[in-house]
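**Q** okay, sequence plus prediction incoming.
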Amino acid sequence: MEQTIGALLADTISRIARPDEEIMGAVQKRVDNLTKPPGSLGVLEEMVVRLSGIQRTEGPSLDRKAVIVMCGDHGVVEEGVSAFPSEVTGLMMGNFTRGGAAINVFARQMGAEVVVVDIGSKAETPPGVRNEKVKSGTKNMAQGSAMTPDEAVRAVEVGIAIAMELAAQGCKAIALGDMGIGNTTPSAALTAAITGRPVDELTGKGTGIDEDKRKAKAAIIEQALAVNGIDKHWRSELTPIDVLARIGGLEIAGLVGVTLGSAAHGMAVIIDGVIASAAALVAYEICPDVLPFMFASHLSEEPAHEAALTYLELTPALHLRMRLGEGSGAVLLFPMLEASIAMLNQMATFDELGL
Ligand SMILES: Cc1cc2ncn([C@H]3O[C@H](COP(=O)(O)O)[C@@H](O)[C@H]3O)c2cc1C
Ligand SMILES: O=C(O)c1cccnc1
């Protein structure tokens, strides 16, 4: 039976429960009893405690993990906000299927599955890419709403459904990946709307525009916020889904769904760069209980990324001066998460040492 639009979203939100405190307490106790000064393995200790709470077991695992690369195009590219044309989104989808993109290389090395989803590109979906197209690119958000609320919800539900499938297959953690020429523009716009920080401060060079074009991009974002009636007080009149629909992107909406769906089904969510962090902000506004499921991987060069992570009070583990997307930074966190699990499973305890 066809589900009404929004039913899956509502059901997913109702399933999100915070990680298990009792399990986290027990794992913290074991971590404190390992043969090292308490706290000396820093963030790795926090990682394994939180992974245990998320997976609701004192024996967490990352045997199966995936990166979901949501692909979509953006009407606002016609305003000259990117250094590249929209066609590159379609070409990169082909590249993903041949294993030649950065995310393919890193995911292979980390043992993570790559799931590529065409949720809204203007291109024809290449064979090997999952076709979940809600529409062929968003409308230009500088001239009006990028999507309708129904389209935004449908895209969110695509992300939820894919997260649910992966959870059913035994997946334990999901990295958020994106591909969509122009998508640093809606990402900065969403980050401005949610954090309240000034647009100019949040607007970066994306794929590599010069300072004049960056200034013009900031002006386009200001225009998009104004045209769409999003001011500092949007919360009194609009829902987070309205904001996502007006100034978001289809791949961003898909990643909002992946985040909510992962949290609802006990999987950790690894945030990548500025596109993933914009999706994380929207997911948090929809349901604050998703926050303890999130891990920040790296700090992107895009300024809105730092603003989003600060708002969410998340600290990125890696500082690699990356600014790519695709989930390329997020999958680099997997070996560290795995090290945290190995620490828990393999280190001797003070009890065993007779101390
Ligand atoms: C070849 C290529 C591969 C990419 N992989 C990710 N992005 C990243 O850059 C784009 C966002 O930057 P902007 O907003 O400036 O267009 C997105 O597609 C993002 O995924 C790429 C961009 C290019 C050109
Ligand atoms: O932070 C990112 O993920 C990013 C930055 C620039 C371009 N594309 C992605």
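**A** Yep, it's here. Ligands and ions are numbered 1, 2, ... in the order given.
**Q** what helix or strand is Gly69 located in?
**A** Let me fix one detail, which is that residue 69 is Val and not Gly. Taking DSSP states H and E as the criterion, the element that holds Val69 is strand 65-72.
**Q** show me what the helix or strand just after that strand packs onto, helices and strands only.
**A** Moving toward the C-terminus from strand 65-72, the first helix or strand encountered (DSSP H and E) is helix 87-98. Helices and strands touching helix 87-98, by 3 or more Cβ pairs under 8 Å, 6 or more residues apart in numbering; DSSP states H and E, are strand 65-72, helix 102-110, strand 113-120, strand 173-179. Using the backbone N, CA and C atoms, a C-beta is placed for each residue, glycine as well.
**Q** neighbouring strands of the strand holding Val69 in the sheet, and parallel or not?
**A** With DSSP bridges as the test, strand 65-72 is paired with strand 113-120 (parallel), strand 173-179 (parallel).
**Q** can you tell me which of those is nearest to ligand 2?
**A** Go through the strands paired with strand 65-72 one by one with Cβ to the nearest ligand atom and the one that ends up closest to ligand 2 is strand 173-179, at 7.0 Å.
**Q** what angle separates that closest one from helix 87-98?
**A** Angle of strand 173-179 versus helix 87-98, following axes from the mean of the first three to the mean of the last three Cα atoms, to 10 degrees, is 140 degrees.
**Q** do strand 173-179 and ligand 1 meet?
**A** Yes: between strand 173-179 and ligand 1, judged by Cβ under 6 Å from any ligand atom, the touching residues are 178-179.
**Q** and what of stretch 74-93?
**A** Yes: applying Cβ under 6 Å from any ligand atom, one finds stretch 74-93 touching ligand 1 at 82-84, 88, 92.
**Q** and for stretch 240-255?
**A** No: Stretch 240-255 stays out of contact with ligand 1 when judged by Cβ under 6 Å from any ligand atom, the minimum separation being 8.2 Å.
**Q** hmm, back to that, turn the helices and strands packed on helix 87-98 into a markdown table, including mean neighbour count and mean pLDDT.
**A** Converted to a markdown table, the helices and strands packed on helix 87-98 look like this (neighbours: other Cβ atoms under 10 Å; pLDDT from 0 to 100):
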| stretch | mean neighbour count | mean pLDDT |
| --- | --- | --- |
| strand 65-72 | 30 | 99 |
| helix 102-110 | 19 | 98 |
| strand 113-120 | 25 | 99 |
| strand 173-179 | 31 | 99 |
